[in-house]
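Engineer: Sequence and computational prediction follow.
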Amino acid sequence: MSVRLLRTVGAVALAAAVGLSLASCSSSNDKSGASDSKTTIVVDCPPLKTDNGGKSLAQWNADVVAFEKANPGVTVKSISVGSQCDNPPDFTARLQGGTQADVFYGYMTDLNQVLDAGQAEDITSFVNASTVPYWDSLIPSAKTAFTDDGKLYALPYSAYTMGLVINKNLFKQAGLDPAKPPATWQEVATAAKKIAALGNGIAGYQEYSAGNTGGWHFTAELYSRGGQMVSDDGKSAAFNTPAGQAVLQNLHDMRFTDNSVGTKQLLQWPDLLTNAAAGKVGMYIGAPDSITAIVNTFHGKFSDWAMAPMPGDNGAAKAALGGGNGYFFKKGLTPAQIKAGIAWVTYEELMPGQGQFNYVAQKEMGLPVGLPQPQIWVPGSEVQKKDDELKKANTNLDLTDYASFVASPLAIKLEPPQAQAIYAILDACMSAVLTQADANIPDLLKTAESKVNTLLSQSK
């Protein structure tokens, strides 16, 4: 559930370097893949017109032009699906109606839903180191998230792990050192109380509790304490444990004992980030690109923010929630359309120095260069080293703000099966402990456990 990364233009010469020959693609009406005429693909989730004053969309469109010039047999049409590319209700409606784009954006948690709807092509035979040059350097967990029964259904292009995002200004005002961020949940609570004491409607720490985001953060906080959401076989809930109770008790105490998380609750993604951009939030957990959203969408400043690893329970975190995005390929596409779609996603998303990795263009546009995301490459791989070099050579940020996050990688735990449905159920637990002084945490978890067990029993 990270924010959609902004795109930038890549050169025509680099497009050719992808190594994909598409001049002989078939028409969209020819299932054989034989050479015929132009192949058209419809791709969703371009940047919004409002992103960075429209510059990001202009660069996406320039990329399309460059790609089509390098691949004269292909036409790429872009369609917007709203401000949140994978808003769960809208995404489900498109799947049920078969109205999704030919090449459509999805979370790593969407695979089962997409397959249950019968709406994705198996692209296994089309993807290799020849068609996607850095395929062997993509992190295995990203590939696994879009694989079922040995078959690949989407190209991953972005991955993230969550950490603790802190407002440096508020830390300093509260007498705290932003270079020494809280490392445990106990320290988070202590720091949050000091920051909230500044008054003026400032929350020392703020949390989601609606729109599936509450369950998402419950999962992240549970993982950091060493817990898990479902059993190893994926057939039953596993969060009704002391670790799960600790997540909720901590938030309840911060709300009703410390008064450090603010009085307005039931926050969703834009609510918290709006508050953060206004300088009203001392800390929250999130992925690095949430800072980009604070700046580009909600008009905050990069210089106000830093990142640290996820806190743990009386010690270092046991794990960090990881997730990410990819592009699925609609059921019924011709081989030519699949090849064209793979070429486009590779060109725009998976080539160092261009598309989402064109740091030169990003810097010229005034976009941030240096955030530790997307975390898509295998650590230590040649492409990861190359990407780091390009990023450092063009950075316009203070990289020390992210040094502790980068230097302290945690074990990555992916989101649970049926994640969005599970998150919706856990929203009730999160909202209750943040709005009800008498919330019964054992009962809340017991009810959620029963609902998740029913959900999992009904899935394949």
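Structural biologist: That came through, no problem.
Engineer: Okay, now the sheet partners of the longest strand seen in the chain, with direction.
Structural biologist: The longest strand of the chain (DSSP state E) is strand 320-329. Strand pairing for strand 320-329, using DSSP bridges, gives strand 103-107 (antiparallel), strand 154-161 (antiparallel), strand 412-414 (parallel).
Engineer: Switch the ones you listed over to TSV; also include mean pLDDT.
Structural biologist: Shown next, in TSV, are the strands paired with strand 320-329 (pLDDT from 0 to 100):
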stretch	mean pLDDT
strand 103-107	96
strand 154-161	94
strand 412-414	88
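Engineer: Could you export those as TSV, including mean neighbour count?
Structural biologist: In this view, the C-beta of every residue, glycine as well, is placed from N, C-alpha and C. As requested, the strands paired with strand 320-329 are exported to TSV (neighbours: other CB atoms under 10 Å):
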stretch	mean neighbour count
strand 103-107	24
strand 154-161	25
strand 412-414	19
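Engineer: To residue 76, which of these lies closest?
Structural biologist: Closest to residue 76 of the strands paired with strand 320-329, according to CB to CB: strand 103-107, at 8.8 Å.
Engineer: any idea which helix or strand comes after the closest one?
Structural biologist: helix 111-116 (DSSP states H and E).
Engineer: in that following helix, what counts as buried?
Structural biologist: By neighbour count with 16 or more other CB atoms under 10 Å, helix 111-116 contains the buried residues 111, 113-115.
Engineer: Check stretch 373-390 too.
Structural biologist: Buried, per 16+ other CB under 10 Å, within stretch 373-390: 373-377, 383-384, 386-387, 390.
Engineer: any residues touching the one helix or strand residue 270 maps to, and which ones?
Structural biologist: Assigned by DSSP H and E, residue 270 belongs to helix 269-277. Residues outside helix 269-277 that contact it (CB atoms under 8 Å, 6 or more residues apart in numbering): 1, 84, 165, 167, 203, 206-208, 211, 213, 262, 267, 281, 284, 290, 293-295, 297-300.
Engineer: give the contact list for residue 267.
Structural biologist: 206-210, 213, 275 are the contacts of residue 267 under CB under 8 Å, 6+ apart.
Engineer: can we see that at 6 Å?
Structural biologist: Contact analysis of residue 267 by CB atoms under 6 Å, 6 or more residues apart in numbering lists residue 208.
Engineer: Return the backbone torsion pair for it.
Structural biologist: phi -80, psi 140 (degrees, to the nearest 10).
Engineer: Adding distance to residue 44, write the strands paired with strand 320-329 out as a markdown table.
Structural biologist: As requested, these are exported to a markdown table (distance: least, CB to CB, whole Å):
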| stretch | distance to residue 44 |
| --- | --- |
| strand 103-107 | 5 |
| strand 154-161 | 13 |
| strand 412-414 | 24 |
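Engineer: Give me the distance between the residue lying closest to residue 173 once chain neighbours are set aside and residue 64.
Structural biologist: Excluding the flanking residues, the one nearest residue 173 by CB to CB, 6 or more residues apart in numbering is residue 198, at 5.8 Å. Applying CB to CB, to the nearest Å, the value for residue 198 to residue 64 is 47 Å.
Engineer: out of the contacts of helix 269-277, which are inside strands?
Structural biologist: Those of the contacts of helix 269-277 lying in strands (DSSP E): 165, 167, 284.
Engineer: Tally up the residues packed near residue 130, please.
Structural biologist: Residues contacting residue 130 under the criterion other CB atoms under 10 Å number 9.
Engineer: hang on, it is in a helix, isn't it?
Structural biologist: No. Per DSSP: H, G, I helix; E, B strand; the rest coil, residue 130 lies outside any helix segment and is coil.
Engineer: Show me the shaky parts of this structure.
Structural biologist: Low-confidence segments of the chain, defined by pLDDT under 70: 1-36, 460.
Engineer: any idea where the strands of it begin and end?
Structural biologist: 39-44, 74-79, 103-107, 147-148, 151-152, 154-161, 163-167, 283-286, 305-309, 320-329, 412-414.
Engineer: The residue nearest to residue 50 when sequence neighbours are not counted and residue 48, how far apart?
Structural biologist: With sequence-adjacent residues excluded and distances taken as CB to CB, 6+ apart, residue 50 is closest to residue 297, at 7.7 Å. Here residue 297 is placed at a distance of 9 Å from residue 48 (CB to CB).
Engineer: what's the answer for residue 256, then?
Structural biologist: From residue 256 to residue 48 the distance is 38 Å (CB to CB).
Engineer: Residue 198 and residue 64: who's more crowded?
Structural biologist: The neighbour comparison of residue 198 against residue 64 (other CB under 10 Å) goes to residue 64, with 22 against 14.
Engineer: Provide a list of residues in contact with the residue lying closest to that one once chain neighbours are set aside.
Structural biologist: Nearest non-adjacent residue to residue 64, counting by CB to CB, 6+ apart: residue 76, 4.9 Å away. Taking CB under 6 Å, 6+ apart, we find residue 76 in contact with 41, 43, 64, 344.
Engineer: So this structure: which segments form each domain?
Structural biologist: 12-160+323-401, 163-321+411-458 (automatic domain parsing).
Engineer: Now for residue 407, how many residues are close by?
Structural biologist: The burial count for residue 407: 8, using other CB under 10 Å.
Engineer: Residue 124 now?
Structural biologist: By other CB under 10 Å, neighbour count at residue 124 equals 12.
Engineer: switch to numbering from 244
Structural biologist: Got it, the first residue is 244 from now on, which makes the last one we talked about residue 367.
Engineer: what separates the residue nearest to it when sequence neighbours are not counted from residue 458, distance-wise?
Structural biologist: The shortest distance from residue 367 to any non-neighbouring residue, by CB to CB, 6+ apart, is to residue 395 (4.6 Å). Distance, residue 395 to residue 458, by CB to CB: 28 Å.
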